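> Coordinates for the following, if possible.
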Amino acid sequence: MKKPQASGAKGTASTSKTREDWLSEVSGRMSSWFDDLGFSLPDFRITAGFPSTGKRGRDLAEAWQEKGGESFTVFIRPDRDDAYKVAAALAHQMAHMAAGSADTHGHLFRHIAVSIGLRGRATQAAPGRLFQELIDPILKKAGPLPTTYIGPQEAAQKSKQKTRLIKVSCRTCGYVARVSRKWLDDSGPPHCPQHGPMALED
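Numbers count the residues shown, from 1 in each chain. Okay, here's the model as predicted:
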């Protein structure tokens with residue numbers, strides 16, 4: 001998409017239904033910053049996804065250039081719900097796109113980043129006071145960032161944690177096993193291969 005436009009009436013909080021809606025609205029409103037600086041943004045779309053550093057990495061966002069074209073896809077981590085930090089990470093990627101893929105973290109990127117309130121090392125470009133002043137009214141209009149996404153792995157782990165296995169052991173030799181409460185109630189404790197019924201751990 002070309003510089004995503006904000007949804008919702010000007011000056012009012014929007015009712016974004018998805019994370020992508022919220023990101024598109026915020027980026028659409030931030031696009032004017034780059035226009036004011038004389039830098040045009042390429043076509044890009046935003047989606048929830050982990051950067052190439054993976055789930056364990058520290059990067060919140062990453063922009064990938066489409067093969068054979070000038071459009072980009074920006075990935076924003078789905079497991080972060082701090083609107084301010086997410087918006088700053090998005091602004092960082094927009095500065096990269098405005099500077100062009102050949103510049104990376106060069107002088108042009110640095111100039112754009114500083115101009116929109118990002119400070120510090122170019123590879124980090126953390127938000128400063130100016131960025132906060134610029135982004136605060138945008139975040140108020142966009143409303144709260146939609147809730148954190150829970151992926152299949154997290155859901156499966158939580159499901160597994162609900163079934164607590166109970167430790168039982170043989171009083172004679174110390175042989176240990178674990179069994180669910182359901183099977184303890186329905187069939188009693190398992191048997192030690194040598195000494196018969198086992199008992200619950202104290």
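> Show me how this protein divides into domains.
19-152, 163-200 (automatic domain parsing).
> What average pLDDT does the longest one get?
What it means is domain 19-152. In this model, domain 19-152 has a mean pLDDT of 86.
> For the chain, which segments are assigned as helices?
Applying DSSP state H to the chain gives helices spanning 19-37, 83-99, 107-115, 129-142, 152-161, 181-187.
> Could you point out which of the ones you listed sits nearest P197?
Nearest to P197, of all the helices of the chain, is helix 181-187, at 11.0 Å by C-beta to C-beta. Quick note: C-beta positions are derived from backbone N, CA and C, even for glycine.
> helices or strands up against that closest one?
With contacts taken as 3 or more C-beta pairs under 8 Å, 6 or more residues apart in numbering; DSSP states H and E, helix 181-187 sits against strand 165-169.
> Buried ones in the strand it packs on, by neighbour count?
168-169 (16 or more other C-beta atoms under 10 Å).
> hang on, the earlier thing: so which of the domains of the chain is the most surrounded?
Each of these was scored by mean neighbour count; the highest is domain 19-152, a mean of 17, by mean count of other C-beta atoms under 10 Å.
> Without its sequence neighbours, what residue ends up closest to the residue sitting nearest the centre point of the chain?
In the chain, the C-alpha nearest the mean C-alpha coordinate belongs to R77, at 2.3 Å (C-alpha atoms, centre = their mean). Nearest non-adjacent residue to R77, counting by C-beta to C-beta, 6 or more residues apart in numbering: L60, 5.2 Å away.
> quick one: that neighbour and R80 touch, right?
Yes - here L60 reaches R80: they are 5.9 Å apart, a contact under C-beta atoms under 8 Å.
> anything in contact with each of the two?
Common neighbours of L60 and R80 (criterion: C-beta atoms under 8 Å, 6 or more residues apart in numbering): V86.
> Good, we can wrap up now.
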